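Asker: have a look; sequence and predicted model below, questions after that.
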Amino acid sequence: MSKKINPYKNSDLSKKEQVTKMFDTISKEYDGLNRVISFGIDVKWRKKVVAIVAKTQPDTILDIATGTGDLAINLTKTNASKIIGLDISDGMLEVGRQKINKKQLNKTIEMVLGDSENLPFNDNTFDAITVAFGVRNFENLEKGLSEILRVLKPNGTFVILETSVPTKFPFKQGYNIYTKGIMPLIGKLFSRDKVAYSYLSESASVFPYGEALNNILRKIGFINAEALPQTFGVATIYKATKK
């Protein structure tokens, strides 16, 4: 089980409320800072997620924690007829809506304000569900994953893209230096929320990854759980299916 880390440690708000506040605050700068902090490699990781989903030829896709809609937009390459991007931050969704309008993808992509742990959809609704850099922000990881299993169709595909911690020298040491020292500094210099990027770094470092997350997926009821480390292990793509 993941250790619960809240962005604003002295706040009386729940983790969910704090995460919402944080992403609302950084929504307009998020895309640019994300590219800088990840050196643009996150674009390559998303393309791999799209390739995995595309193989299943889904008609309906749900992208949870869609943020500004980067992955939802990329998922149009699967030729799905309907893609829903869901997020708890309306600030992030509004940035996403502007991008979708500009690309004239309104007929395919719908942005929905909602909670990943109480999904506003019927059972067995989606052929594929994705989450990119969002599961570590769930207040209750197992509840969120159970909701995903509920709304996924039988034989449907679930794909997670999430940060992880390299285990081999020197990548582990370099990762720790970058995420604990340099990344929060970049966030403090260029972000309106001085806490956000320290939280993102800290939450990534304690979140279960690799086989630990696979075991949680299996516990929830997913099958064929598999972890695919990316870029020396700084991120991992997980794929699983529903019976």
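Answerer: Structure's in. What do you need? In this text the structure is predicted, and so the values were computed from the model without any measurement. Residues are numbered from 1 along each chain as shown.
Asker: contacts for the strand of greatest length in the chain?
Answerer: What stands out as the longest strand in the chain, according to DSSP state E, is strand 152-163. Strand 152-163 has contacts (C-beta atoms under 8 Å, 6 or more residues apart in numbering) with 45-46, 49, 52-53, 56, 58, 71, 124-136, 148-149, 204, 207, 209, 213, 217, 222, 234-243. The C-beta positions use only the backbone N, C-alpha and C, and glycine is treated the same way.
Asker: partners of that strand in the sheet?
Answerer: Strand 152-163 pairs in its sheet with strand 126-132 (parallel), strand 235-241 (antiparallel), by DSSP bridges.
Asker: for the record, mean pLDDT for the last one?
Answerer: The pLDDT scores in strand 235-241 average 97.
Asker: below-threshold pLDDT in this structure: ranges please.
Answerer: Along the chain, the model assigns pLDDT under 70 to residues 1-12, 191, 193-194, 196-197, 200-201.
Asker: helices of this protein, residue ranges please.
Answerer: Remark: helices assigned in the chain by DSSP state H are 15-37, 41-54, 70-74, 90-102, 141-151, 171-177, 183-190, 196-206, 211-220.
Asker: in terms of secondary structure, what does the last one contact?
Answerer: Spelled out, that is helix 211-220. Judged by 3 or more C-beta pairs under 8 Å, 6 or more residues apart in numbering; DSSP states H and E, helix 211-220 is in contact with helix 141-151, strand 152-163, strand 223-230, strand 235-241.
Asker: which one of the strands paired with strand 152-163 is the most hemmed in?
Answerer: Ranked by mean neighbour count, the strands paired with strand 152-163 are led by strand 126-132 with a mean of 26 (mean count of other C-beta atoms under 10 Å).
Asker: between helix 141-151 and that one, find me the angle.
Answerer: In terms of direction (axes from the mean of the first three to the mean of the last three C-alpha atoms, to 10 degrees), strand 126-132 departs from helix 141-151 by 150 degrees.
Asker: and strand 126-132, how far out from the chain's middle?
Answerer: Distance, stretch centre to chain centre, for strand 126-132: 10 Å (C-alpha atoms, centre = their mean, to the nearest Å).
Asker: and stretch 121-136, end to end?
Answerer: By C-alpha to C-alpha, to the nearest Å, the extent of stretch 121-136 from end to end equals 22 Å.
Asker: distance between stretch 90-99 and the chain's centre?
Answerer: 16 Å.
Asker: give the buried residues for it.
Answerer: For stretch 90-99, burial by neighbour count (16 or more other C-beta atoms under 10 Å) applies to G91, M92, L93, V95, G96, R97, K99.
Asker: you'd agree the third one is up against I109?
Answerer: Read it as L93. No: when contacts are counted by C-beta atoms under 8 Å, L93 is not listed as touching I109 (11.1 Å).
Asker: overlap in contacts of the two?
Answerer: Joint contacts of L93 and I109 (C-beta under 8 Å, 6+ apart) are G69, G85.
Asker: the longest strand of the chain: which residues count as buried?
Answerer: By neighbour count on 16+ other C-beta under 10 Å, the buried set for strand 152-163 is L152, K153, G156, T157, F158, V159, I160, L161, E162, T163.
Asker: these: which two are farthest apart?
Answerer: Spatial extent of the buried residues of strand 152-163 (C-beta to C-beta) is set by the pair K153 and T163 at 28.1 Å.
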